[in-house]
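> Sequence and predicted model, in that order:
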Amino acid sequence: GAGVSQSPRYKVAKRGQDVALRCDPISGHVSLFWYQQALGQGPEFLTYFQNEAQLDKSGLPSDRFFAERPEGSVSTLKIQRTQQEDSAVYLCASSHATNTGELFFGEGSRLTVL
Amino acid sequence: KNEVEQSPQNLTAQEGEFITINCSYSVGISALHWLQQHPGGGIVSLFMLSSGKKKHGRLIATINIQEKHSSLHITASHPRDSAVYICAGPMEYGNKLVFGAGTILRVKS
């Protein structure tokens, strides 16, 4: 596609429900990042993939959060047993480079946990 | 303490005014990103710069690596410039970014 695509754009979940958020990066982009943005805050790093390898997951807030990118393209961020504090916008970004380079962001997936 | 600090947090300007948003960071970085985020929308990368100055249309970004400071300028501001402007610096490896809290800009006509 022309840009980074995320789905769903909006998700409302009941507390305790599992959710899955999808990111389609720009074709051929090696690097893929997930960020979490709480209301009124700047985004915060969650995890980083280089192709299919998850090189850094230090930002995942708990073991309820899991991300994968099995074929080095599409990535899924899964949140198990959602809690209210998980409510945020989840942003995906991709880059052609493995080091510095221009980042392309998706529109984000806004998760609201009731 | 956030390693990337922006000022001001909120900025209201009249259409046509020259606008400056500042970004200071406390850790060594090799490059800095300026990003734009519209309400309900995703983030658009405006600039990535590691030295000097870059210009794109009415937007100008400058950086002083030694002083760990960057500025984003908007000339002849317009209401469509209203958005949140965020600066971010890569930590460790290239694009693991640390973000500032953002500057909420509102340009009134």
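Now that the structure is in, tell me what you want to look at. Quick caveat: nothing in here was measured; it's all calculated off a predicted structure.

> and chain B, which residues reach chain A?
Where chain B comes near chain A, counting by CB under 8 Å from any CB of the partner chain, the residues are B:4, B:30-31, B:33, B:35, B:41-45, B:48, B:50, B:86, B:88, B:90, B:93-102. Placement of C-beta: from N, CA and C, glycine included.

> What are the buried residues along stretch B:33-51?
Neighbour-count burial for stretch B:33-51, counted by 16 or more other CB atoms under 10 Å in any protein chain shown, picks out B:His33, B:Trp34, B:Leu35, B:Gln36, B:Gln37, B:Gly42, B:Ile43, B:Ser45, B:Leu46, B:Phe47, B:Met48, B:Leu49.

> Now do the contacts for the closest residue to B:Ala31 other than its chain neighbours.
Distance criterion CB to CB, 6 or more residues apart in numbering or on different chains; nearest residue to B:Ala31, sequence neighbours excluded, is B:Ser50 at 4.1 Å. B:Ser50 makes contact with A:Thr100, B:Ser30, B:Ala31, B:Leu32, B:Ile63, B:Ile65, according to CB atoms under 8 Å, 6 or more residues apart in numbering or on different chains.

> Just the pLDDT at the second one, thanks.
In this case it means B:Ser30. With respect to pLDDT, B:Ser30 has a value of 72.

> Quick check: it touching B:Pro90?
Yes. Counting by CB atoms under 8 Å, B:Ser30 does reach B:Pro90; the two are 6.7 Å apart.

> Which of those two has more residues huddled nearby?
Set B:Ser30 next to B:Pro90 and count neighbours by other CB atoms under 10 Å in any protein chain shown: B:Pro90 wins out with 20 against 12.

> helices or strands next to the worst-scoring helix or strand of chain A on mean pLDDT in the packing?
The weakest-scoring helix or strand in chain A, judged by mean pLDDT, DSSP states H and E, is strand A:104-105 (a mean of 90). Counting by 3 or more CB pairs under 8 Å, 6 or more residues apart in numbering or on different chains; DSSP states H and E, the packing neighbours recorded for strand A:104-105 are strand A:88-95, strand B:43-49.

> Mind telling me which of those the model trusts least?
strand B:43-49 - the lowest mean pLDDT of those, at a mean of 89.
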